[in-house]
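*Asks:* next input, structure requested:
(one chain, ligands or ions: 1)
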Amino acid sequence: MAMKRKPPAEARNQELYIGLVRLHVLHHAAEEPIFGLGIIGELGRHGYRLGPGTIYPLLHGMERRGWLRANVQHVEGRRRKAYAATAAGRRALKLARERVRELYEEMFHPESTKAAF
Ligand SMILES: [Zn+2]
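*Replies:* Have a look, this model is predicted:
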């Protein structure tokens with residue numbers, strides 16, 4: 001995966017975060033169409049330092065899986081792709097949201113959940 005300069009530990013951990021990044025993208029794409037550069041900025045705001053070499057393949061992959069639909073727009077003579085969540089993407093997001101809630105509860109309120117081991 002291509003990435004910007006960052007500390008080695010963070011680069012290694014990217015593999016761990018990439019599912020969260022996909023969920024984050026899907027979350028925003030379900031609210032309004034998103035653009036590559038816009039989402040790079042938004043993820044940056046959340047501490048993810050990902051470059052175009054990571055984000056564009058990620059968006060294409062999500063489109064291929066049927067979670068996003070791309071719409072080509074022409075803005076001031078330039079071509080850009082807007083990505084919106086599909087119905088399948090929204091369904092996947094709804095299911096994933098429950099998983100996130102469960103993990104969150106276990107990580108931050110361990111007293112309310114009991115591990116099975
Ligand atoms: Zn966000």
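*Asks:* which secondary structure elements does the helix-or-strand element of the chain with minimal mean pLDDT contact?
*Replies:* Every helix and strand in the chain was compared by mean pLDDT, DSSP states H and E; the lowest is helix 8-31, with a mean of 90. Secondary-structure packing of helix 8-31 (3 or more C-beta pairs under 8 Å, 6 or more residues apart in numbering; DSSP states H and E): helix 36-45, helix 52-64, strand 68-75, strand 78-85, helix 87-108. C-beta: built from backbone N, CA, C; applies to glycine.
*Asks:* please name the residues that touch the spatially most central residue of the chain.
*Replies:* With distances taken as C-alpha atoms, centre = their mean, R22 lies nearest the centre of the chain, 2.6 Å away. Counting by C-beta atoms under 8 Å, 6 or more residues apart in numbering, R22 makes contact with 58, 62.
*Asks:* which one of the helices and strands packed on helix 8-31 lies nearest to L26?
*Replies:* helix 87-108 (4.9 Å; C-beta to C-beta).
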